[in-house]
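Asker: Let's see this in three dimensions:
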Amino acid sequence: MKKIDSTRKISMGSIIRVYKQGFGYTRLTVIDNNDNFFGLTAENDFFNFITDGDKIQAYLWVEDVASYNFDLEAIGRIDSREKVLFFRHTDHIIRSNDRMCLTADVDLPIKFFVFETRGKGKSFTSEKVDFHYGTIVKLADRSAVIKCTDELSHELFYKGHVLINNEDLELVGKVKPVIENNEKLYEISYVGMSDKERNRLLDYIFGIYRE
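Answerer: Presented below is the predicted three-dimensional model:
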């Protein structure tokens with residue numbers, strides 16, 4: 001993908017995640033982009049929170065790891081079946097190979113098992129699956145922290161399911177023990193997560209970050 005150095009170059013249908021102090025985080029969808037303005041659909045609560053002249057922080061995440069960060073200024077709106085906010089274009093865009101990563105404090109029960117991989121393939125072998133029970137206490141789009149009383153080796157991989165907005169989401173990742181306040185915690189770094197699943201997770205995390 002070519003470098004984006006202006007909001008004029010952001011493609012239609014792109015998801016822009018934004019932050020407004022006093023509201024928190026949400027996401028907007030690009031439906032119009034011309035030389036004069038930048039138009040994005042918004043949910044009702046955010047649409048009603050924004051007035052002309054307000055400035056928001058925006059984040060466009062592409063190619064799994066690249067992040068474009070920029071500010072937007074609201075200049076108009078259409079209040080119809082679709083709520084549309086219009087913003088002034090900006091040519092001041094910062095690109096980073098490291099994406100801003102939100103971590104939400106949560107309390108999500110989870111049932112999972114751990115396994116060892118054989119070689120570089122995705123398959124694993126196990127004569128018996130022993131399930132563990134724990135609680136996800138920190139959740140991000142690339143990792144999670146699980147509190148579990150069982151002793152888990154850092155050489156293992158993890159596979160479990162969690163309910164996100166009442167829908168099942170499979171999490172697979174590598175286990176890494178962490179120490180925090182003398183609690184037995186494990187960090188799970190996700191592997192093989194699809195963009196669709198990651199977006200579901202991001203929407204959930206951004207929903208928690210309402211002020």
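Asker: Only C-alpha atoms from now on, for both contacts and neighbour counts.
Answerer: OK.
Asker: And the helices in the chain?
Answerer: With DSSP state H, the ranges of helices along the chain come out as 44-49, 195-208.
Asker: Tell me which of those sits most buried.
Answerer: Of all the helices of the chain, helix 195-208 carries the top mean neighbour count, a mean of 16, counting by mean count of other Cα atoms under 10 Å.
Asker: For the chain, give me the ranges with low pLDDT.
Answerer: When the per-residue scores of the chain are filtered using pLDDT under 70, the ranges that remain are 1-2, 63-65, 98-100, 117-128, 154-155, 179-182, 210-211.
Asker: Going by residue numbers, what spans are strands in it?
Answerer: Using DSSP state E, the strands found in the chain span residues 15-20, 24-33, 38-41, 55-62, 66-79, 83-88, 94-96, 104-115, 131-139, 143-147, 157-164, 167-180, 183-190.
Asker: Ok, which of those comes nearest residue 209?
Answerer: With Cα to Cα as the measure, strand 24-33 is the member of those nearest residue 209 (5.6 Å).
Asker: Can you show me the CA trace of that closest one as PDB?
Answerer: Output in PDB follows, covering the C-alpha atoms of strand 24-33 (Å, rounded to 0.1, in the frame of the first residue of the first chain):
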ATOM      1  CA  GLY A  24     -14.100   8.100  24.600                       C
ATOM      2  CA  TYR A  25     -13.500   5.900  21.600                       C
ATOM      3  CA  THR A  26     -15.700   4.900  18.700                       C
ATOM      4  CA  ARG A  27     -15.300   4.100  15.000                       C
ATOM      5  CA  LEU A  28     -16.500   5.900  11.900                       C
ATOM      6  CA  THR A  29     -16.800   4.600   8.300                       C
ATOM      7  CA  VAL A  30     -15.700   6.700   5.300                       C
ATOM      8  CA  ILE A  31     -18.500   7.100   2.800                       C
ATOM      9  CA  ASP A  32     -17.400  10.300   1.000                       C
ATOM     10  CA  ASN A  33     -14.000  11.700   0.200                       C
END
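Asker: Buried by neighbour count: which residues of that strand qualify?
Answerer: For strand 24-33, the neighbour count (16 or more other Cα atoms under 10 Å) marks 25, 26, 27, 28, 29, 30, 31, 32, 33 as buried.
Asker: Tell me what the second one is bridged to.
Answerer: Residues found in beta-bridge contact with residue 26 (criterion: DSSP bridges) are residue 18.
Asker: Can you give me the neighbour number for residue 101?
Answerer: For residue 101, the neighbour count with other Cα atoms under 10 Å is 11.
Asker: quick one, what contacts the spatially closest residue to it that is not a sequence neighbour?
Answerer: In space, residue 101 comes closest to residue 140 once its chain neighbours are excluded; the distance is 6.8 Å by Cα to Cα, 6 or more residues apart in numbering. Taking Cα atoms under 8 Å, 6 or more residues apart in numbering as the criterion, residue 140 is in contact with 101, 102, 103, 104, 201, 202, 205.
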